[in-house]
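**Student:** Predicted structure and sequence below. I'll ask about it afterward.
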Amino acid sequence: MSDKTPDGPPANGDDAGVLLAEALRRLVLAAERTSGVTKDALAKKLFIHKNSLYAYLNGTTVPPNGKFDDILDALNAPATERRRLWQLRDDAELAASRAVRRKSRATQRTPSVAHDGVTREAAARTDASGGAAPIGQSQDVTADLAEPVTTSVARKPRWMVFTAVLAAVVAAVGTAVIMLADRGGNQALPPPGLTPSATPTSPPFVPGRTYKETAAARVGANTFGNPHTLSGGGQKIPIWQDIEVTCKVLAATMPSVYYWYKIAGPDPWTGMYTPANSYLNGAPKDGPYNQDVTDVDKRVPDCPPGSTGA
């Protein structure tokens with residue numbers, strides 16, 4: 001993906017979210033001055049919660065792909081600005097997804113810590129008599145404490161354990177309800193009816209069979225060598241370009257993308273993956289578009305296991 005946005009100054013992924021939020025706030029302010037529309041009324045018109053709209057304007061949440069055109073239409077965004085705004089939205093979403101993965105990897109690399117502040121790796125290196133690891137072996141700096149490391153943990157009363165488990169369950173259920181209640185915001189879960197397994201309506205995969213899809217993304221459809229890591233980025237597929245795809249894979253690595261097509265051709269996109277919701281998927285070029293219908297072409301089968309670079 002290029003770091004230079006069309007019709008505007010260069011911007012990297014981290015700056016894109018800030019620039020997008022600033023642009024949206026200017027459009028909202030202009031709409032308030034010209035037509036008197038309030039933010040609450042705008043949220044109702046867009047069928048989203050007002051908190052979601054404020055998150056878009058503050059730059060804490062990237063507007064989802066399926067709702068962004070509605071937002072621009074409601075704000076009467078100039079046609080000359082729309083291409084730049086779409087580019088900023090795509091760059092901000094990609095940067096947010098990469099940040100989440102970096103945080104996840106950093107969390108996985110953090111050493112586990114025992115209850116007394118000593119890493120479990122250091123505690124495990126103590127011998128049966130409780131002595132420290134021999135000099136010269138790698139050990140945690142906190143292992144040089146005056147007292148021997150104690151690895152036993154006091155048993156907590158059962159009622160405390162039960163209360164902690166119940167609180168965790170309630171918090172998880174509450175989070176899931178909030179996420180599903182606001183379909184206008186970014187979603188971390190697949191939409192209703194979609195699961196990480198094969199879709200019930202997916203036709204059987206036939207080697208060599210392809211399906212024609214027409215790109216409909218205003219700023220072009222992204223392509224990646226691996227949809228699970230968003231690595232190996234390739235050239236964008238311009239709007240109205242026809243491609244052939246062989247199958248689809250479920251990889252919710254971007255907030256508004258769930259399914260990815262595996263491209264069979266033409267070059268230079270052969271073998272790459274591209275978001276399914278960036279294509280017409282059977283809808284006419286002049287609309288109308290229904291996001292629940294056109295997010296993915298139901299003719300395209302699921303890719304065979306182990307063939308998606310996961």
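**Tutor:** The structure has been received and is ready for your questions.

**Student:** Where does the prediction get shaky in the stretch 51-200 of the chain?
**Tutor:** Counting by pLDDT under 70, the stretch 51-200 of the chain contains low-confidence ranges at 109-165, 167-200.

**Student:** if you set the cut-off to 90 instead, what comes out?
**Tutor:** Low-confidence segments of the stretch 51-200 of the chain, defined by pLDDT under 90: 51-55, 58-61, 64-70, 73-84, 86-87, 89-200.

**Student:** give the contact list for residue 72.
**Tutor:** 27, 82, 85 (C-beta atoms under 8 Å, 6 or more residues apart in numbering). Using the backbone N, CA and C atoms, a C-beta is placed for each residue, glycine as well.

**Student:** again, only this time at 6 Å
**Tutor:** Contacts for residue 72 (C-beta atoms under 6 Å, 6 or more residues apart in numbering) come out as residue 82.

**Student:** Am I right that it is in a helix?
**Tutor:** Yes - using DSSP: H, G, I helix; E, B strand; the rest coil, the secondary structure at residue 72 is a helix.

**Student:** Which positions within stretch 226-233 qualify as buried?
**Tutor:** Across stretch 226-233, burial judged by 16 or more other C-beta atoms under 10 Å covers 226, 227, 228, 230.

**Student:** no wait, stretch 253-269
**Tutor:** Of all the residues in stretch 253-269, those buried under the rule 16+ other C-beta under 10 Å are 253-264, 269.

**Student:** and the end-to-end length of that stretch?
**Tutor:** This stretch, stretch 253-269, spans 20 Å end to end (C-alpha to C-alpha, to the nearest Å).

**Student:** for stretch 224-241, same thing?
**Tutor:** Counting by C-alpha to C-alpha, you get 17 Å between the two ends of stretch 224-241.

**Student:** repeat for stretch 60-70
**Tutor:** In stretch 60-70, first residue to last residue: 19 Å (C-alpha to C-alpha).

**Student:** buried ones in that stretch?
**Tutor:** 61, 62, 63, 64, 65, 66, 67, 68, 70.

**Student:** Same question for stretch 46-65.
**Tutor:** 46, 48-49, 52-53, 55-57, 59, 61-65.

**Student:** about what we covered before: between the buried residues of stretch 253-269, which sits nearest residue 304?
**Tutor:** When these are ranked by distance to residue 304 (C-beta to C-beta), residue 262 comes first, at 10.3 Å.

**Student:** Residue 248 is in contact with that closest one, correct?
**Tutor:** No - contact criterion C-beta atoms under 6 Å: residue 262 and residue 248 do not qualify, at 7.2 Å.

**Student:** Which parts of this protein belong to which domain?
**Tutor:** According to automatic domain parsing, the chain comprises the domains 13-104, 211-294.

**Student:** nearest to residue 304, of the ones you listed?
**Tutor:** That would be domain 211-294 among the domains of the chain, by C-beta to C-beta, at 7.4 Å.

**Student:** Confirm residue 260 sits in a strand?
**Tutor:** Yes - when classified by three-state DSSP, residue 260 is found to be part of a strand.

**Student:** if I pick it, what's in contact with it?
**Tutor:** Neighbouring residues of residue 260 by C-beta under 6 Å, 6+ apart: 227, 249, 251, 273.

**Student:** Now do it against residue 224, distance only.
**Tutor:** Distance, residue 260 to residue 224, using C-beta to C-beta, to the nearest Å: 8 Å.

**Student:** ok, now residue 166?
**Tutor:** Counting by C-beta to C-beta, the gap from residue 166 to residue 224 is 42 Å.

**Student:** Between the two, which is the more surrounded one?
**Tutor:** Here residue 166 and residue 224 are compared on neighbour count by other C-beta atoms under 10 Å; more neighbours surround residue 224, at 23 against 10.

**Student:** thinking again about what came up before, give me the common contacts of residue 260 and residue 224.
**Tutor:** Common neighbours of residue 260 and residue 224 (criterion: C-beta under 6 Å, 6+ apart): residue 273.

**Student:** thought residue 205 was touching residue 305?
**Tutor:** No - Residue 205 lies out of contact with residue 305 (C-beta under 6 Å); the separation is 10.2 Å.
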